[in-house]
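Trainee: based on what follows, work out the 3D shape:
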Amino acid sequence: MLEHLTKETFKEKVFNFEQNKEWKFEGNIPCMIDFYADWCQPCKMVAPVLEELADEYKGKINIYKVNTEQEQELAALFGIRSIPSLLFVPTDEKPQMAMGALPKDSFEKAIKDVLKVEKN
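Mentor: Here you go, the predicted model:
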């Protein structure tokens, strides 16, 4: 089960946007954040893929979910216009956004290229 972030846990684990103007990642391993809504059909298609990736990359990356209906401030902060939107957050560089229900191999490529993480 992927961890759902609230505004408070987002500030602790990803980015404290109330304290920092410049991007400063708070985590110690790269992460992906799935911005979704319960009514979104493509989001439901992506969910099991993200669960698989969470198992396959356990200890190397964290995968979080943000419900855009409940956490509208976070959705607005990242300019989320369409869902699913996935934010790839490397430890030392600025995050990158991908939109849409991507196939698993596209996620794996982004994990390798953006997050600089290889599968075991």
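
Trainee: any idea how far F15 is from K94?
Mentor: 11 Å (Cβ to Cβ, to the nearest Å). (Glycine included, C-beta is placed from N, CA and C.)

Trainee: next: L115.
Mentor: L115 is 16 Å from F15, by Cβ to Cβ.

Trainee: with adjacent residues omitted, what lies nearest to T9?
Mentor: Excluding its sequence neighbours, the residue lying closest to T9 (Cβ to Cβ, 6 or more residues apart in numbering) is E3, at 7.7 Å.

Trainee: residues in contact with the one you found?
Mentor: For E3, the contacting residues are T9, N62, Y64, K65, by Cβ atoms under 8 Å, 6 or more residues apart in numbering.

Trainee: partner residues bridging it?
Mentor: Beta-bridge partners recorded for E3 (DSSP bridges): Y64.

Trainee: poorly predicted segments of the chain, please.
Mentor: Per-residue confidence for the chain (pLDDT under 70) gives these ranges: 120.

Trainee: list the buried residues for the longest helix belonging to the chain?
Mentor: Criterion DSSP state H: the longest helix present in the chain is helix 41-56. Within helix 41-56, the residues that qualify as buried are C43, V46, A47, V49, L50, L53, A54, counting by 16 or more other Cβ atoms under 10 Å.

Trainee: gap between that helix and the chain center?
Mentor: How far helix 41-56 lies from its chain's middle: 12 Å, per Cα atoms, centre = their mean, to the nearest Å.

Trainee: what does that helix rub up against?
Mentor: 1-2, 32, 34, 36-37, 61, 63, 65, 83-84, 86, 100-104, 107-108, 111, 119-120.
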